[in-house]
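Enquirer: Sequence and computational prediction follow.
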Amino acid sequence: MRWLAVFFLLSAVILTTIQLIGYSRERANFPAGQTIANVPVGGLDRQAAAQRLLQVFSTPIEVHYNDAVIQIKPSNFGFSLNIESMLSAADQQRSNEPFWSGFWNTLWNRTVTPSNVPLLASYSEERLRTYLQDEIAARYDRDPSPAIPVAGSTSFQGGESGTQLDIDRAVQLIDDALRSPTSRVINLSYQKTNPPRPSLQNLQILLEQVMDSASFTGLAEMDIIDLGSDQELHFAYQQGQNPPVNIAFTAASTIKIPIMVSTFRHTNEPTPTNIKDLLTAMITESQNPPADDLMNTAIGGARGPLVVSEDMDSLGLENTFLAGFFYDGAPQLRVFQTPANTRTDINTSPDPYNQTTAADMAYLLEDIYHCAQNGNGTLPAAWGTEISQSECQQMITLLKGNNIPVLLQAGLPEGTAIAHKHGWTSEASGVIRTMGDSGIIFSPGGDYIFTIYLHDDVQLVFDPINQMVALMSQAVYNFFNQ
């Protein structure tokens, strides 16, 4: 029994010594279950653990964007690990456990799982953003394609949306991937970009096609202004040719827009009831006697037409004038020579009593619109307190009351608001040679101005011309409302 006891005692000492030597060797490495930045490093020494960390975090990030798969090296934006600090933090955990306490736990198979050492790393966000912009967005963003006109119609074939990389979100996703040892494949998000409107040049082509399809042989000039962007399409057209713009046309009843503007300038607020009644009859019913009454009583007496002309000239509308009243036999108060009616290349035989151009009338409506919307623009700038935002809003209301389903209005969807004034000249024989319509159209896709004047030395037959202008108005509406 004595020798047996000695044997067991020696065996215990030997086994303990072996366990102690093994524990000492294990203690030189990181303990089982040790993780650094969620990377297992248990059983590895410092050098091997450092190599594993470098191997894991230098693995490229796989990025999916649209149809592209892109491998991105973390070094592209200066990603670097603070390995020494992380290893030291793991060493500190190990040294915090006393040697004999750790040996005793190992001897009795009491596993103590060490806590994870968090990642310590840095990179340049500026370089990451530059990389995303120059290497990914610049290459793989998809530009939207604009709508294009459909030949033989007033419609446009819809364009396609584009994609634009969401760089802020991409930075966040890549940051998460850089800090993960396993989740290093990401799908980048993007924002859709709406297709732009067709170009104004395409709109001009479509309008010219409408005139060609209608076999229009006369002269047309039009001015279209996008009131949201102030972009303008201004051109003249006659049988495949584009003559220079700013052609003098007989204004006919469209001259009542300048008369309305001058009336509000020379009338104090609140507008008297009798003046309102005359304005309504002049604009919504296109009556001439109320126009004469307004010029005579509210604007300038016997000089009323000349005062209207002077008002237009003060706004820079030098091609728009009234040389006399409307009543039969009214004398011509002055002979007006303007840049438009002194041209020698084109002559529409405009009425010496009232003339304008497509641009002048479009700009006047633009001035009224901005004054009504914001109280600013040319009218208050030129006339100060003589014109107010409220008065401009009244002008818009009056023009909206001109509810006549021909020309521009005939081409608009039912219920579309249009503030406009139309006009044409009819000779004693009933022949019409000049027609015009000028309006502000309020549409879901944006507000715009469309002014058009037409002339034919022989005759403008009303029905086919009305249908043609309606189609042109429809085309412009479709341009703004894809």
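Expert: Yes, it's here. Residues are numbered from 1 along each chain as shown.

Enquirer: Please count neighbours and contacts with C-alpha atoms only from this point.
Expert: Fine.

Enquirer: residue contacts, Gln287?
Expert: Contacts for Gln287 (C-alpha atoms under 8 Å, 6 or more residues apart in numbering) come out as Ala281.

Enquirer: Could you do Met312 as well?
Expert: When contacts are counted by C-alpha under 8 Å, 6+ apart, Met312 touches Pro258, Glu318, Thr320, Phe321.

Enquirer: Phi, psi for the last one please.
Expert: What that stands for is Phe321. phi -160, psi 160 (degrees, to the nearest 10).

Enquirer: That one contacts Asn354, correct?
Expert: Yes. Phe321 is within contact range of Asn354, at 5.6 Å (criterion: C-alpha atoms under 8 Å).

Enquirer: ok, back up a step: show me the contacts of Met312 that map onto helices.
Expert: Members of these lying in helices (criterion: DSSP state H): Pro258.

Enquirer: now for the contacts of Met312, which pair is the farthest apart?
Expert: Farthest-apart pair in these is Pro258 and Glu318; separation 12.4 Å (C-alpha to C-alpha).

Enquirer: Tell me which residues of the host helix or strand of Met468 come out buried.
Expert: Using DSSP states H and E, Met468 maps to helix 462-480. Residues 462, 465-480 are the ones in helix 462-480 that count as buried (16 or more other C-alpha atoms under 10 Å).

Enquirer: Give me the neighbour count for the closest residue to Ile247 other than its chain neighbours.
Expert: Once flanking residues are discounted, Ile247 sits nearest to Ala340: 5.4 Å by C-alpha to C-alpha, 6 or more residues apart in numbering. If you count neighbours by other C-alpha atoms under 10 Å, Ala340 ends up with 20.

Enquirer: so Ala340 sits right up against Phe321, yeah?
Expert: No. Using C-alpha under 8 Å as the test, Ala340 is too far from Phe321 to be in contact (11.5 Å).

Enquirer: hang on, Gly193 packs against Ser161?
Expert: Quick fix: residue 193 is Thr, not Gly. Yes. Here Thr193 reaches Ser161: they are 5.5 Å apart, a contact under C-alpha under 8 Å.

Enquirer: Need the residues touching each of the two.
Expert: Asp143, Pro144.

Enquirer: Which strands and helices lie in contact with the helix holding Met468?
Expert: Packing contacts for helix 462-480, counted by 3 or more C-alpha pairs under 8 Å, 6 or more residues apart in numbering; DSSP states H and E, involve helix 200-213, helix 407-410.

Enquirer: Identify each buried residue in stretch 399-413, please.
Expert: Quick answer for stretch 399-413 (16+ other C-alpha under 10 Å): Leu399, Lys400, Gly401, Asn402, Asn403, Val406, Leu407, Leu408, Gln409, Ala410, Gly411, Leu412.

Enquirer: separation between the nearest residue to the third one once chain neighbours are set aside and Ala48?
Expert: By that I understand Gly401. In space, and not counting its chain neighbours, Gly401 is closest to Thr284: 5.4 Å by C-alpha to C-alpha, 6+ apart. Look at Thr284 and Ala48: by C-alpha to C-alpha, to the nearest Å, they are 91 Å apart.

Enquirer: the more surrounded of the two?
Expert: Thr284 (17 against 13).

Enquirer: quick revisit: right, so the helices and strands packed on helix 462-480: which one is the most enclosed?
Expert: Of the helices and strands packed on helix 462-480, the one with the most neighbours on average (mean count of other C-alpha atoms under 10 Å) is helix 407-410, at a mean of 24.

Enquirer: Please name every helix or strand in contact with that helix.
Expert: Under the contact definition 3+ C-alpha pairs under 8 Å, 6+ apart, helix 407-410 sits against strand 432-442, helix 462-480.

Enquirer: ok, then the element right after the first one?
Expert: Counting by DSSP H and E, the next helix or strand C-terminal to strand 432-442 is strand 448-455.

Enquirer: Paired strands for that next one, with orientation please.
Expert: Strand 448-455 has the following sheet partners, assigned by DSSP bridges: strand 219-226 (antiparallel), strand 432-442 (antiparallel).

Enquirer: how many degrees apart are it and helix 462-480 in direction?
Expert: Relative orientation of strand 448-455 versus helix 462-480 (axes from the mean of the first three to the mean of the last three C-alpha atoms, to 10 degrees): 150 degrees.

Enquirer: can you give me the offset of strand 448-455 from its chain's centre?
Expert: Offset of strand 448-455 from its chain centre (C-alpha atoms, centre = their mean, to the nearest Å): 25 Å.

Enquirer: and for it, what are the contacting residues?
Expert: Strand 448-455 is contacted from outside by 218-228, 249, 348, 357-359, 361-362, 365-366, 433-442, 473, using C-alpha under 8 Å, 6+ apart.

Enquirer: at 7 Å what do you get?
Expert: Contacting residues not belonging to strand 448-455 are listed as 218-227, 348, 358, 362, 433-442 [C-alpha atoms under 7 Å, 6 or more residues apart in numbering].

Enquirer: Can you select the buried ones from those residues in PyMOL?
Expert: Restricted to buried positions by 16+ other C-alpha under 10 Å, the PyMOL selection for the contacts of strand 448-455 reads:
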select buried, resi 218+219+220+221+222+223+224+225+226+227+348+358+362+433+434+435+436+437+438+439+440+441+442
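
Enquirer: Confidence-wise, which helix or strand of this protein is lowest on average?
Expert: Lowest by mean pLDDT, DSSP states H and E among the helices and strands of the chain is helix 99-107, with a mean of 51.

Enquirer: Name the next helix or strand downstream of it, please.
Expert: In N-to-C order, the element after helix 99-107 by DSSP H and E is strand 121-122.

Enquirer: Quick check: which helices or strands does that next one pack against?
Expert: Applying 3 or more C-alpha pairs under 7 Å, 6 or more residues apart in numbering; DSSP states H and E, one finds that strand 121-122 contacts strand 80-81.

Enquirer: ok, the strand it packs on: who's next to it in the sheet?
Expert: Note on strand 80-81: by DSSP bridges, its sheet partners are strand 121-122 (antiparallel).
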